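> I would like the atomic coordinates for the input below:
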Amino acid sequence: MMLRVWAHVPTVPAASLLIAIIILDAAVLLVQLKLAHRAIRADGASLQSYLLGLLSLVAVAMVGTTSLNRIADRALLPDLSVMSSAAHTVVDGVAVISGDITFDTFNSLQKTLAANDDLHTLSLNSGGGRIAAARGVARLVREKRLMTHVDSLCASACILVLAAGQSRTASLDARIGFHGYRLLSEVVTVNVAEEEARDKAQLRSYGISETFLNRAFAVPFEDMWFPTQKLLREVGVLTD
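Presented below is the predicted three-dimensional model:
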């Protein structure tokens, strides 16, 4: 079942390897610096070597920090991108997103919007995807004042896109699912609680009940809550 396929992005082993390489490089440089420091002479040759080694150590630290931050950005879940990336088509002013929401989804939709002035609705059939990518797609929806519609499924990160619509509707048998976030990485540079709070604040700005959002984000990441459409209308997730 699609909602049970959690994408363990291969950042955990990559993070471990990267950390080991950085530590090893730093250790070697430190030894070299220590030896160079002892050997400094008036001719300045060893001093030059010492300074170059110091600059190399700083460079290693900067590269390591940047790489680890990128890993953390990729590790923030929910993410169901084990499946194929979301693709979209446009028919009669309706863009259809089907599949997982990735950065390719954002880039492709951005181009589609630029080429289709008459586009007015984004139809969704997605089990989730990248949080950052979903935020980007939601921004496009807000900027273009699009309506959103759930065809059959919108869950996890897809909720951020659905909620950004000027009006939000769903087919009678559509399922709309919620759960909390989790960081699947050994490298913790993202505060999950802060990320949840950020998105909850954005969802509240759309008129969605705070009480409902607290309940939705309290659902464990491994589970999924599918409220009735009646409740979703009452709390402001759906508008029609």
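> Tell me how this structure divides into domains.
Domain segmentation of the chain under automatic domain parsing yields 2-75, 87-235.
> Those: lowest mean pLDDT?
The weakest mean pLDDT among those belongs to domain 2-75, with a mean of 48.
> What helices and strands are in contact with the longest strand along the chain?
Longest strand of the chain, by residue count under DSSP state E: strand 147-155. For strand 147-155, the helices and strands in contact under the criterion 3 or more C-beta pairs under 8 Å, 6 or more residues apart in numbering; DSSP states H and E are strand 121-126, helix 158-163, strand 168-170, strand 175-177. No exception for glycine: its C-beta is placed from N, CA and C like everyone else's.
> the inter-axis angle of it versus strand 121-126?
If you take axes from the mean of the first three to the mean of the last three C-alpha atoms, to 10 degrees, strand 147-155 sits at 0 degrees to strand 121-126.
> Could I get the CA-only coordinates of strand 147-155 as PDB?
Extracted in PDB, the C-alpha atoms of strand 147-155 (Å, rounded to 0.1, in the frame of the first residue of the first chain):
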ATOM      1  CA  MET A 147      -8.200  26.200  -6.800                       C
ATOM      2  CA  THR A 148      -7.200  22.700  -5.500                       C
ATOM      3  CA  HIS A 149      -9.100  19.500  -5.800                       C
ATOM      4  CA  VAL A 150      -8.400  16.000  -4.500                       C
ATOM      5  CA  ASP A 151      -9.200  13.400  -7.100                       C
ATOM      6  CA  SER A 152      -8.500  10.200  -5.100                       C
ATOM      7  CA  LEU A 153      -5.800  10.800  -2.600                       C
ATOM      8  CA  CYS A 154      -3.900  13.600  -0.900                       C
ATOM      9  CA  ALA A 155      -1.900  12.700   2.200                       C
END
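> Which residue ranges of the chain form helices?
For the chain, applying DSSP state H gives helices covering 12-38, 45-75, 103-115, 131-143, 158-163, 192-205, 210-217, 229-235.
> Flag every buried residue along the fourth one.
The one in question is helix 131-143. Residues 131-141 are the ones in helix 131-143 that count as buried (16 or more other C-beta atoms under 10 Å).
> what does that helix contact?
Under the criterion C-beta atoms under 8 Å, 6 or more residues apart in numbering, residues 73, 76-79, 97, 101-103, 105-106, 109-110, 113, 122, 128, 146, 148, 157-158, 160-161, 163-165, 181, 195, 199, 202 lie in contact with helix 131-143.
> which among the residues you listed end up buried?
Here, 16+ other C-beta under 10 Å leaves 76-79, 97, 101-102, 105-106, 109-110, 113, 122, 128, 146, 148, 157-158, 160-161, 163-165, 181, 195, 199, 202 buried among the contacts of helix 131-143.
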